[in-house]
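Undergrad: just coords:
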């Protein structure tokens, strides 16, 4: 069981005690972030008429908006990754086919070279036979 960390933080001018599995530094950063967001709303022109509860709700809505937008970005990135993975698979399949074709073409080339060598040897034999006949006749 992971031990829980406990920390006191200042949010919106009030001290709160946070308890969680995360580090104290992490929880402090969360509190600072929320406090900063609340300050932004509190310092706006519209906030002169807002009480602390309303500022808290608007802060929550702003943070939720940021979260939802980031989730949407993550989903789009996941889709792009999946599409790229499919492309990579297609390219790998194509590469496999090309490698197989390359192997087959190398075999064809080797067979053609062997056949050419056989023809060359036959030609050499004909030349030697022709030269021998020529010497005998000559």
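TA: Looks like it arrived, so ask away. Predicted model, so just to flag it, every value in this text is computed and none were measured.

Undergrad: Please report the number of neighbouring residues for residue 37.
TA: Here the count is done by other C-beta atoms under 10 Å, and residue 37 has 20 residues near it. Placement of C-beta: from N, CA and C, glycine included.

Undergrad: Where does the prediction get shaky in this protein?
TA: Applying pLDDT under 70 to the chain flags residues 138.

Undergrad: Swap in 90 and give it another go.
TA: Residue ranges of the chain with pLDDT under 90: 1-3, 12-13, 42-52, 132-138.

Undergrad: can you give me the strands for it?
TA: Using DSSP state E, the strands assigned to the chain run over residues 5-11, 14-20.

Undergrad: how far does the last one sit from the chain's center?
TA: Spelled out, it's strand 14-20. Taking C-alpha atoms, centre = their mean, to the nearest Å, one finds strand 14-20 lying 38 Å from the centre of the chain it belongs to.

Undergrad: ok, it: who's next to it in the sheet?
TA: strand 5-11 (antiparallel) (DSSP bridges).

Undergrad: ok, and for the partner strand, which residues are buried?
TA: Buried positions in strand 5-11, judged by neighbour count with 16 or more other C-beta atoms under 10 Å: 7, 9, 11.

Undergrad: Nearest to residue 105 among these?
TA: In terms of C-beta to C-beta, no member of these lies closer to residue 105 than residue 7, at 68.9 Å.

Undergrad: Any figure for the gap between that closest one and residue 23?
TA: Counting by C-beta to C-beta, to the nearest Å, the separation of residue 7 from residue 23 is 9 Å.

Undergrad: residue contacts, the residue nearest to residue 31 when sequence neighbours are not counted?
TA: Leaving aside its sequence neighbours, residue 31 sits nearest to residue 9 (C-beta to C-beta, 6 or more residues apart in numbering; 3.5 Å). Residues in contact with residue 9, defined by C-beta atoms under 8 Å, 6 or more residues apart in numbering, are 15, 16, 17, 18, 27, 28, 31, 32, 35.
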